[in-house]
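**Student:** Let's see this in three dimensions:
(4 chains)
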Protein chains: 2
Amino acid sequence: MKEGPDLSRIAALVGDPARANMLSALMSGTALTASELALEGGVGLPTASSHLAKLTEGGLVTVTTQGRHRYYALAGSEVASMLEAISGVAASVGPKRARPGPRDGAMREARVCYDHLAGEKGVALFDHLAGRQLISTKGDDVALTGSGRDWFAAFGVDVAALETKRRPLCRACLDWSVRRSHLAGSLGAAALDRMFELKWARREPDSRVVRFTPEGRGAFERLIRA
Amino acid sequence: MKEGPDLSRIAALVGDPARANMLSALMSGTALTASELALEGGVGLPTASSHLAKLTEGGLVTVTTQGRHRYYALAGSEVASMLEAISGVAASVGPKRARPGPRDGAMREARVCYDHLAGEKGVALFDHLAGRQLISTKGDDVALTGSGRDWFAAFGVDVAALETKRRPLCRACLDWSVRRSHLAGSLGAAALDRMFELKWARREPDSRVVRFTPEGRGAFERLIRA
DNA sequence: TGCATGCTTCGACTATGATCGAATGATGTC
DNA sequence: GACATCATTCGATCATAGTCGAAGCATGCA
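**Tutor:** Purely as a prediction, here's the structure:
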């Protein structure tokens, strides 16, 4: 009966609507202030503060003080990954909560997952990489092949610089909308950064949605067809 | 703020200690009666019944009536996978809840995850299969190769029979204790069944622990060394 | 120093939901 | 058909935790 880690402690933290909304907002990967998160959670400042204290205490978010602002962020990609897993179940068994609006369509096509690309576009990229042996996958462990290294270099990503960091280069992350893997890790993050840099897409303000420009869409298609 | 599926609804279901314990018990893959789950959850029968109604309503468990018994089971492997993800976070950030007893050690070595082998042994098997190109992995999608088919046939698993079912043959499942993938899907389930059949191991009663016999341990080592 | 801003703490209220005893329903056994 | 077992429903109780207003504490700016 009391085997394994304490599930309920973590799940209860996510189980409150205000906290869940805050965590969802943090899935965008950007750190947010307490007031912004209060807005996201749909609660007052004191309430939000109390929630954030619990999330921090529980190890799901981290906080860094900068001047009179306090920036909250997800504690790590493992937490983001867990939230995606819960989203997957919620999307499949849940009563869909409101009909898919125009926004939901955009979310499905391309969105930010912590700091990398998710949605149909993210999965398409991953499939291309795997299909061309640019990455090799062993379960959730993903490795970059030699030709993959060249491919990313041609795309304008400095792989060597990424490898100096502690963070894993490649990682598979299960996409809640498509139900397939997309590329996470520092390489996934760098790839998305590069797309923003190339002006292929831009982030929609106050949202996880990634909006591709017409040109960017074409360039992306060519990238994963080539 | 209200983007994506409703996280909190699902998380709140797992967030109650009694329900979490019930779900943990169901991670063993066997269906349990309401009274057994009341025991697991540490609550009375009426309370358990109420919890189970919520879990069923929420889509996390299914119920099948047999005579005067009602058997509850996890709604699917996706739910099991989500619970493993939450366990992973709980194990990494949580205050460990009690020191690792002798039981926890056994849990880490080999346990049942829904219906397949997890823990160090499960990961070792997966690594062997992937390393020898007996399976090919694309993120969470795992496919059996030609040589893999032969390997499983030699081990005594009727792959063709499994393929007639709707359930996916291969699947990667993230192990909460080892933090690596192990083999899920109908093939993973069949492999574990075969090990029981060969008397390499047996299940510990009322637990997820899989206890290998000395001979079974040797045979397993030879299997994944060969 | 004085004031504004961002956030947290305190205190009080409230509501949700977890819990169990008792009663009821359903199924199988004798 | 009477009884025992398994399970759910009802009713009442109680505690936990979410909520906000007001006050308190920092930090930054003038």
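
**Student:** How is residue A:147 assigned, secondary-structure-wise?
**Tutor:** Secondary structure of residue A:147, reduced to three states by DSSP: H, G, I helix; E, B strand; the rest coil: helix.

**Student:** Actually, residue A:195.
**Tutor:** With three-state DSSP as the criterion, residue A:195 reads helix.

**Student:** On the pLDDT front, check it for me.
**Tutor:** Residue A:195 carries a pLDDT value of 93.

**Student:** swap in residue A:226?
**Tutor:** The per-residue pLDDT reported for residue A:226 equals 65.

**Student:** Ok, residue A:50 next?
**Tutor:** The per-residue pLDDT reported for residue A:50 equals 95.

**Student:** wait, is it part of a strand?
**Tutor:** No. Under three-state DSSP, residue A:50 falls outside any strand and is assigned helix.

**Student:** what bridges to the residue most central in space within chain A?
**Tutor:** Residue closest to the mean C-alpha point of chain A, counted by Cα atoms, centre = their mean, is residue A:113 at 1.4 Å. Residue A:113 has these beta-bridge partners by DSSP bridges: residue A:116.

**Student:** Spell out which residues of chain A are next to DNA strand C.
**Tutor:** Taking Cβ under 7 Å from any atom of the strand as the criterion, chain A approaches DNA strand C at residues A:33-35, A:45-46, A:48-50, A:52-53, A:63, A:68-70. The way it works is simple: take the backbone N, C-alpha and C, and place the C-beta from them, glycine included.

**Student:** Only the buried residues of stretch A:32-48, if you could.
**Tutor:** Neighbour-count burial for stretch A:32-48 flags A:32, A:34, A:36, A:37, A:38, A:39, A:40, A:41, A:43, A:48 (criterion: 16 or more other Cβ atoms under 10 Å in any protein chain shown).

**Student:** Identify the farthest-apart pair in the residues of chain A next to DNA strand C.
**Tutor:** A:50 and A:68 (19.2 Å; Cβ to Cβ).

**Student:** Compare the two (neighbour count), which wins?
**Tutor:** More neighbours surround residue A:50 than the other of residue A:50 and residue A:68, with 13 against 6 (other Cβ atoms under 10 Å in any protein chain shown).

**Student:** and that one, how far is that from residue A:36?
**Tutor:** Plainly put, residue A:50 is 16 Å away from residue A:36 if you go by Cβ to Cβ, to the nearest Å.

**Student:** try residue A:220
**Tutor:** Applying Cβ to Cβ, the value for residue A:220 to residue A:36 is 30 Å.

**Student:** swap in residue A:58?
**Tutor:** To residue A:36, residue A:58 is 20 Å away according to Cβ to Cβ.

**Student:** just residue A:158 next, same as before
**Tutor:** Distance of residue A:158 to residue A:36, computed by Cβ to Cβ: 32 Å.

**Student:** So which bits of stretch A:56-63 are buried?
**Tutor:** Buried-residue list, stretch A:56-63, by 16+ other Cβ under 10 Å: A:58, A:59, A:60, A:61.

**Student:** Please list the members of the residues you listed that lie in strands.
**Tutor:** Among those, the residues falling in strands (DSSP state E) are residue A:61.

**Student:** Reformat the buried residues of stretch A:56-63 as a markdown table; add pLDDT.
**Tutor:** Shown next, in a markdown table, are the buried residues of stretch A:56-63 (pLDDT from 0 to 100):
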| residue | pLDDT |
| --- | --- |
| A:58 | 94 |
| A:59 | 93 |
| A:60 | 96 |
| A:61 | 95 |
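
**Student:** out of the buried residues of stretch A:56-63, which one sits closest to chain B?
**Tutor:** The closest of those to chain B turns out to be residue A:59 (Cβ to the nearest Cβ; 3.1 Å).

**Student:** Enumerate every residue touching that closest one.
**Tutor:** A:75, B:89, B:92, B:93, B:94 (Cβ atoms under 8 Å, 6 or more residues apart in numbering or on different chains).

**Student:** and these, which of them are in helices?
**Tutor:** Filtering the contacts of residue A:59 for membership in helices, criterion DSSP state H, returns B:89, B:92, B:93.

**Student:** can I get those residues in a markdown table with pLDDT and neighbour count?
**Tutor:** Output for those, formatted as a markdown table (pLDDT from 0 to 100; neighbours: other Cβ atoms under 10 Å in any protein chain shown):
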| residue | pLDDT | neighbour count |
| --- | --- | --- |
| B:89 | 91 | 28 |
| B:92 | 82 | 17 |
| B:93 | 72 | 18 |
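
**Student:** Let me know the closest of those residues to residue A:24.
**Tutor:** Using Cβ to Cβ, residue B:89 comes nearest to residue A:24 of the ones in helices among the contacts of residue A:59, at 16.0 Å.

**Student:** give me phi/psi at the nearest residue to residue A:111 once chain neighbours are set aside?
**Tutor:** Closest residue in space to residue A:111, ignoring its immediate chain neighbours: residue A:208 at 4.3 Å, by Cβ to Cβ, 6 or more residues apart in numbering or on different chains. In terms of degrees, to the nearest 10, the main-chain angles of residue A:208 are phi -90, psi -10.

**Student:** wouldn't residue A:208 be in contact with residue A:27 here?
**Tutor:** Yes. Using Cβ atoms under 8 Å, residue A:208 is in contact with residue A:27, at 6.2 Å.

**Student:** Overlap of the contact sets of the two?
**Tutor:** Taking Cβ under 8 Å, 6+ apart as the contact rule, residue A:208 and residue A:27 both touch A:112, A:113.
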